[in-house]
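Participant: my questions concern the predicted model and sequence given below.
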Amino acid sequence: MHYNIAVIRGDGIGPEIVGEAIRALDAAAKRFGFTLNYQDVLMGGCAIDKTGVPLPEETITVCKSSDAVLLGAVGGPKWDTLPGHLRPEAGLLGIRAALGLYANLRPAVLFAPLKDACPLKAEIVAGGLDILMVRELTGGIYFGERGRTTGANGEEAYDTERYSVMEVERIGRIGFEAAKKRGSKLTSIDKANVLESSRLWRETMHRLAKEYPDVAYDDMLVDNCAMQLVRNPARFDVVVTSNMFGDILSDEASMITGSIGMLPSASLGDGTLGLYEPIHGSAPDIAGTDAANPLATILSTAMMLRYSLNQPVAADAIERAVQKTLEEGWRTADIAAGKEHIGTRQMGDIVCRMIETA
Ligand code: IPM
Ligand code: MG
């Protein structure tokens, strides 16, 4: 088999971590007998610098005709003062929308060898931790009407949270289907005690729940969820929520797995095309210093192999390789808990070696 991958290296640590992820993909391709072709396209700050816009048309065209998109991270202080629609982040939201990728899967797994990097007390995570966050990705307040106006007290700004039944249903189904394949438990997160959009969300989820009698379903308010994630994270199996709540809660969930540098993600729509990226940002403070953790991006390639390229055996091998690397004690600074650590490149080297045999 041969696959075409669009590659958006992005800004900050993006190019470094994507470099290692590509080496991991190539190692898997070599071992499992398929080939990959990579085409670099621009998005984010580097696209602004070269073309004046964060998401050039050509990038959308190339991504649409690819089997999958691999993305590093975008953004940085250099572009922070640009108007909203010209910021790197607008490119990221734009590409997700342009490709119809409404479902963002963010697995938060505590690898056993990283128990020390988890900031929670050992007894809280004694039974391990394996949560799948399903974040709605192309609706809600990140895409709603926003603007500036003048009110009674002078200048004002507003953003709008808006969800249709259709949007809730399709992300809800992804949550239920995912739960069926895992621990058969789904928790939907909202703020239905205050927000009308959340009340519609909850009603819709309750209707859907009747179609999935085998999945244990419950709702939880977002503030309570933020608390339960550190009090009793093992109570969660699959979590489904809106764009903004998912953005916030997935960062929290990532930290209890040791580091935000460990969490991969897959953004999916109705077809097989997907976009794969770590959930962390571009970390401009450590860019170019060989200090970034490439594991979240490498684990994202495993998700790509599983969801877009139908190479589940290669996906398993990459995940096993990461597991073994951690078991052998290799750590980048973010997961070293103050102990000895290695750089981005060496971490990539070791994972690639493991992929050959894992
Ligand atoms: C993420 C990021 C992005 C988001 C930013 C960079 C726009 O935080 O993927 O979680 O909010 O979706
Ligand atoms: Mg985020």
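Facilitator: Received, thanks. Numbering: from 1, shown residues only. Ligands and ions are numbered 1, 2, ... in the order given.

Participant: report the beta-bridge partners for the residue nearest the centre of the chain.
Facilitator: By Cα atoms, centre = their mean, the chain has its centre lying nearest to S265, at 3.0 Å. Bridge pairing for S265 (DSSP bridges) gives the partners E277.

Participant: that one contacts E277, doesn't it?
Facilitator: Yes - S265 is within contact range of E277, at 5.8 Å (criterion: Cβ atoms under 8 Å). Every C-beta, even on glycine, is put in place using the N, C-alpha and C of the backbone.

Participant: joint contacts of those two?
Facilitator: Residues touching both S265 and E277 (Cβ atoms under 8 Å, 6 or more residues apart in numbering): S300.

Participant: what's the pLDDT at the residue nearest to the centre of the chain?
Facilitator: Per-residue confidence (pLDDT) for S265: 97.

Participant: output the set of residues of this structure in proximity to ligand 1.
Facilitator: Residues of the chain lying close to ligand 1 (Cβ under 6 Å from any ligand atom) are G75, E89, L92, D247, I279, G281.

Participant: and which of those residues is nearest M205?
Facilitator: For the residues of the chain next to ligand 1, the residue nearest M205 by Cβ to Cβ is D247; the value is 19.1 Å.

Participant: elements contacting the helix or strand harbouring the closest one?
Facilitator: D247 is part of helix 243-256, with elements assigned from DSSP states H and E. Applying 3 or more Cβ pairs under 8 Å, 6 or more residues apart in numbering; DSSP states H and E, one finds that helix 243-256 makes contact with strand 103-109, strand 130-136, strand 185-190, helix 222-231.

Participant: buried residues in it, which are they?
Facilitator: N243, M244, F245, G246, D247, L249, S250, E252, A253, S254, M255, I256 (16 or more other Cβ atoms under 10 Å).

Participant: try stretch 300-316
Facilitator: 300-309, 311, 314-315.

Participant: distance between the ends of that stretch?
Facilitator: 12 Å (Cα to Cα, to the nearest Å).

Participant: for that stretch, give the mean pLDDT please.
Facilitator: Per-residue scores along stretch 300-316 average to 98.

Participant: also stretch 74-92?
Facilitator: 96.

Participant: once you drop chain neighbours, what's closest to W330?
Facilitator: Leaving aside its sequence neighbours, W330 sits nearest to I350 (Cβ to Cβ, 6 or more residues apart in numbering; 5.3 Å).

Participant: T325 is in contact with the one you found, correct?
Facilitator: Yes - taking contacts as Cβ under 8 Å, I350 lies within contact range of T325: 5.2 Å.

Participant: state the helix or strand in which the closest residue to ligand 1 within the chain lies.
Facilitator: Residue nearest to ligand 1 within the chain (Cβ to the nearest ligand atom): E89, separated by 3.8 Å. Taking DSSP H and E as the criterion, E89 maps to helix 88-98.
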